[in-house]
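K.L.:
okay, predicted coordinates and the sequence, questions at the end:
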Amino acid sequence: MASENSSTVFDFFYLPHIHNYVSHESGLLVVPPSLAAALVFGAVLLIYTLLLEPLFFGRSAQIPGPKLAGLSWYYLTYFDLKLKRNEKIGEWHRKYGPVVRIRPNEVTVADPADFREVYDTKSKYDKTKYFKRFALYGEDNLFSTEKYVEHQAKKRKIAHDYTKSRVVLNAEALVRERIAALLKQFKEAPNGLVDVFILFDCFSHDVMTRFLYGEKHGTNAIEDRNDRPLVVNLKRSQIYTPIWVNFPRLHGSWLLNRMLGPEYERTGEAGGDVKRHIETIMRKHDSDPHHDEFYSLYRTMRYAKPDADGKPMSRNYMASEMYDHLKAGQQTTASTLTYLTWRLSRHPEWQRRLQHELRALPVSDTNDLSLADLEALPVLNAVIRETLRLHPAASGRGERIVSSGGRTYSGVFVPAGTTIIGPNLVVHQNPSAFSDAFSWCPERWINASAEEMKAMEYSFVPFGHGARICIGQNLAMMELRLLVGSMYRACSTELGESCSDDSMYQLGSLAAVPRALKCELYFKEE
Ligand code: HEM
């Protein structure tokens, strides 16, 4: 029998009411039947909700995938923070098949037909709330707009400027001018050693700023180091994008700044720097009395037809759109160019074939290659396509919501409301379209039969598909063709000592960049 003076653990924690439930004989807890029943019910409910429902009885339980991914949102987050998200999802598809549950309510598809169903114009899937992170200045841009219909209305106002003929008219000359500045830097580099990643980043930054605000107000990051901090910080911030994506409220907090150090803190400010940069440029542009006389996307937006309510585009909306295009167009293009020149440096035989093809072309009075000629070159287009296939530069987070009634993908039913994604990296590894899918093999695009080519093209979606396909793809393809064409006509490249398969491992960051955040190559003028 417990003495009146003996103390229990409940005294220690001072839980006065609990004494009512302690046996005076044994000192043990005596739980009244009603409380016991409530506790058991609670435990069963918890087990059912956290374990049995997601694993066996829930609407998504039959979808293949790792059990842990079905149980917890954090399982994929773990690989995401390690910057291995895309690689992991690819691995799961090889193990579990074309449809995989990657989070309790999130599914990816790898089959090209399923990919097309998700993104097709006919399907009209909405985007998820994830894209709200990309809204800026309090305004949704094209990329962050959730609703299909609203997105279409916005796109109609600017899509014309991104058609092929308009891009050639408004941007070809500025791209050529920036290429000349870039090649000069390559040629003047000490010992010919160049970090191409940073310089391609500067190149695509200059092209984008000039396209967006007009040549006169664009940057000179290639030759002027004062214009580079923005580029460098945006590049470094790639390492931390999974924190921003998974824990947006925690990102940039005092706690993370202390835990991750000054590099994290500094790059966390990159977004704010871009915002201020855009605001400054808009003010400069507005106070320029000649701003209507030269092309810029900003000018197009300022004079776009007003909405049905008669309102022109708001200043904040225009700023939001320009910020998004700047980031979307800069890092993707720089990453693609980096992987392309790296692959060519690893495969000198392809470099020689490319040079042979380029050097046989006629040049203009100004010693330029014509875009039409470049578009028709089999080797140039094969090396570009093969690089876009193996190293797609976007994040693979094209989240959409399965619409009402649910859908069946490759025989697997996915309920309405589920987040669905077609990661293009995984679609590009489709073994029935691409034999030896993990090898960089441009030959496949040259020697394919008509039937093989059809299958490859169906599975080749580096710019996405459908209504939300990359608006900048014509600009990107023009930059790639003109730059790679001009560069390899004039020079050769070789791997620098610091450049290895490990340093070039492609991270699962927002723009899929090389792990070392650099790529050193030797340039030899020929
Ligand atoms: C090699 C370079 C590029 C690649 C691989 C690429 C890839 C992509 C992909 C896959 C998407 C679709 C995302 C989704 O479905 O959610 C996309 C959208 C987009 N891209 Fe690109 N892109 C590139 C260059 C550019 C350039 C140069 C611009 C210039 C403006 C640009 C601007 C955009 C915009 C604004 C969107 C959103 C379109 C919308 O939601 O309607 N991209 N890009």
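P.N.:
It's in. Numbering: from 1, shown residues only.

K.L.:
only C-alpha atoms from now on, for both contacts and neighbour counts.
P.N.:
OK.

K.L.:
isn't there a strand covering residue 344?
P.N.:
No: counting by DSSP: H, G, I helix; E, B strand; the rest coil, residue 344 is not part of a strand but helix.

K.L.:
what ranges does the stretch 351-500 of the chain have for its strands?
P.N.:
With DSSP state E, counting those that start in this stretch as the criterion, the stretch 351-500 of the chain has strands at 400-401, 407-409, 412-414, 419-421, 491-495.

K.L.:
ok now the third one, how far from the chain's centre?
P.N.:
For strand 412-414, the gap between its own C-alpha mean and the chain's C-alpha mean amounts to 26 Å (C-alpha atoms, centre = their mean, to the nearest Å).

K.L.:
over to the fourth one?
P.N.:
Between the centre of strand 419-421 and the centre of its chain there are 15 Å (C-alpha atoms, centre = their mean).

K.L.:
surely residue 103 is in contact with residue 70?
P.N.:
Yes: look at residue 103 against residue 70 with C-alpha atoms under 8 Å: they come within range, at 5.3 Å.

K.L.:
re the thing from before, would you convert the strands of the stretch 351-500 of the chain into a markdown table that also reports distance to the ligand, mean pLDDT and mean neighbour count?
P.N.:
Shown next, in a markdown table, are the strands of the stretch 351-500 of the chain (distance: least, C-alpha to the nearest ligand atom, whole Å; pLDDT from 0 to 100; neighbours: other C-alpha atoms under 10 Å):
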| stretch | distance to the ligand | mean pLDDT | mean neighbour count |
| --- | --- | --- | --- |
| strand 400-401 | 8 | 96 | 23 |
| strand 407-409 | 18 | 97 | 16 |
| strand 412-414 | 20 | 97 | 19 |
| strand 419-421 | 9 | 98 | 25 |
| strand 491-495 | 21 | 97 | 20 |
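
K.L.:
list phi and psi for residue 506.
P.N.:
Per-residue torsions, residue 506: phi -90, psi 120 (degrees, to the nearest 10).

K.L.:
again with residue 107
P.N.:
phi -130, psi 140.

K.L.:
nearest residue to it in space, please, no chain neighbours.
P.N.:
Nearest residue to residue 107 in three dimensions, chain neighbours excluded: residue 101, at 4.4 Å (C-alpha to C-alpha, 6 or more residues apart in numbering).

K.L.:
for the ligand, what are the nearby residues on this structure?
P.N.:
Neighbours of the ligand within the chain, by C-alpha under 6 Å from any ligand atom: 142-143, 325, 328-329, 332-333, 336, 392-394, 398, 462-464, 468-473, 475-476.

K.L.:
remind me which residues of this structure are low pLDDT?
P.N.:
Scanning the chain with the threshold set as pLDDT under 70 gives 1-29, 57.

K.L.:
name the residue of the stretch 101-250 of the chain that lies nearest to the ligand.
P.N.:
residue 143 (3.7 Å; C-alpha to the nearest ligand atom).

K.L.:
to residue 194, which of the strands of the stretch 351-500 of the chain lies closest?
P.N.:
Closest to residue 194 of those is strand 491-495 (C-alpha to C-alpha; 9.9 Å).

K.L.:
okay, that closest one in CSV with CA atoms only?
P.N.:
Extracted in CSV, the C-alpha atoms of strand 491-495 (Å, rounded to 0.1, in the frame of the first residue of the first chain):
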residue,chain,number,x,y,z
CYS,A,491,37.5,27.2,-81.9
SER,A,492,37.9,23.8,-80.2
THR,A,493,37.4,23.0,-76.6
GLU,A,494,39.0,20.6,-74.2
LEU,A,495,38.2,19.6,-70.6
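
K.L.:
in the helix or strand just after that strand, what's buried?
P.N.:
On the C-terminal side of strand 491-495, the nearest following helix or strand under DSSP states H and E is strand 520-525. Buried residues in strand 520-525, counting neighbours by 16 or more other C-alpha atoms under 10 Å, are found at 520-524.

K.L.:
again, but for stretch 257-275
P.N.:
By neighbour count on 16+ other C-alpha under 10 Å, the buried set for stretch 257-275 is 257, 264-265, 267-268, 270-271, 273-275.

K.L.:
need the buried residues of strand 520-525 in a markdown table with distance to residue 211, can you?
P.N.:
Shown next, in a markdown table, are these (distance: C-alpha to C-alpha, whole Å):
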| residue | distance to residue 211 |
| --- | --- |
| 520 | 28 |
| 521 | 28 |
| 522 | 30 |
| 523 | 28 |
| 524 | 31 |
